[in-house]
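Asker: here are the coordinates; sequence isn't available:
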């Protein structure tokens, strides 16, 4: 079996909370990371499935530089 990676995207349309809401709730301001993968084997399997990898923190304009 081979797991083949096609591409990824940052799903900016599905950010759960605004920057201000994250600050108030003590959460990380982040965007969902999704990828399209194919599982290749000798038996028929589903291909082109989109999966969620997790979240990527977003740097705001007000973040301090270090």
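Answerer: Right, received. Where do you want to start? Please read all numbers here as calculations on a predicted model, not as lab measurements.
Asker: got the phi/psi numbers for residue 19?
Answerer: Torsion angles at residue 19 (phi, psi; degrees, to the nearest 10) stand at phi -60, psi -40.
Asker: who's in contact with the lowest-mean-pLDDT helix or strand in the chain?
Answerer: None of the helices or strands of the chain scores lower by mean pLDDT, DSSP states H and E than strand 49-57, at a mean of 83. The contact list for strand 49-57 (Cβ atoms under 8 Å, 6 or more residues apart in numbering) reads 8, 10, 28-39. (Glycine included, C-beta is placed from N, CA and C.)
Asker: just checking: what are the partner strands of that strand?
Answerer: In the sheet containing strand 49-57, its partner strands are strand 30-40 (antiparallel), by DSSP bridges.
Asker: which positions in the partner strand come out as buried?
Answerer: 30, 31, 32, 34, 37 (16 or more other Cβ atoms under 10 Å).
Asker: ok, now stretch 11-29?
Answerer: 15, 22, 29.
Asker: which residues sit against it?
Answerer: Identification of contacts with stretch 11-29 by Cβ under 8 Å, 6+ apart yields 30, 31, 32, 33, 34, 55, 57, 58, 60.
Asker: nearest to residue 3 among those?
Answerer: Nearest to residue 3 among the contacts of stretch 11-29, counting by Cβ to Cβ, is residue 34 at 15.5 Å.
Asker: can you pull the contacts of the closest one?
Answerer: Residues near residue 34 by Cβ under 8 Å, 6+ apart: 8, 9, 10, 11, 50, 51, 52, 53.
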